[in-house]
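Undergrad: Please work out how this folds:
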Amino acid sequence: FYNGVSSYSVPEGVTIYTAAVSGDNVILTPVEGGIIPKKQAVILKATASTFALTRTTAEATGNYSNNELHGVDVSTPKTAGYTYFVLSKKNGNFGFFEYTAEYLPAHKAFLKIDETTEARSFNIVIDETAGINPIDNGQWTMDNSIYDLQGRKVADGQSINGQLPKGVYIVNGKKVVIK
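TA: Coordinates of the predicted model:
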């Protein structure tokens, strides 16, 4: 989403993300505060299939400092020397793929990458480190199974005997850190 004229507030259940490019990855970072300032392109994720944004004069309190997303208010021709990438689904994969149309769409976020970059698409990495909770390793009992970040089950839902390697795991749908 992009709007260069007005700031908008998002309803409950909508997360605002900024994007930063690192190699072949686009790192999406959630922004706190619920306000999208004017002239700031963002990615929005919602729990509902539809939602409404509300114009606001309130100041945004979130951190937009490393945001590499761009946007335009009217359909605009692409600038020579750059490759543009948009969030989309292609060949069954979801990611940032090269935008090949001649004009950039209005009010949509996109990445504007120097043409010397060889990437044809980018992987998405969601940085939700604020949602990771520490747990002391070997000092807990669980009723639910434990999974690694690739979705592989590493322990069943019974009491854990021994130690799990240090790392980040998914337990009952939430991220936990084993120290």
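Undergrad: drop to CA atoms for contacts and neighbour counts, all remaining ones
TA: Noted.
Undergrad: Please name the nearest non-neighbouring residue to Leu15.
TA: Actually, residue 15 is Thr. It isn't Leu. Once flanking residues are discounted, Thr15 sits nearest to Lys45: 5.1 Å by Cα to Cα, 6 or more residues apart in numbering.
Undergrad: Give me the contacts around the helix or strand where that neighbour lies.
TA: Using DSSP states H and E, Lys45 sits in strand 43-46. Counting by Cα atoms under 8 Å, 6 or more residues apart in numbering, strand 43-46 makes contact with Phe1, Gly13, Val14, Thr15, Ile16, Tyr17, Thr18, Ala19, Ala109, all of which sit outside it.
Undergrad: buried sites along whatever helix or strand comes next after that strand?
TA: Using DSSP H and E, the helix or strand that follows strand 43-46 in sequence is strand 54-56. Buried residues in strand 54-56, counted by 16 or more other Cα atoms under 10 Å: Thr56.
Undergrad: Let me see the residues that make contact with strand 54-56.
TA: Outside strand 54-56, the residues that touch it by Cα under 8 Å, 6+ apart are Ser6, Ser7, Tyr8, Ser9, Val10.
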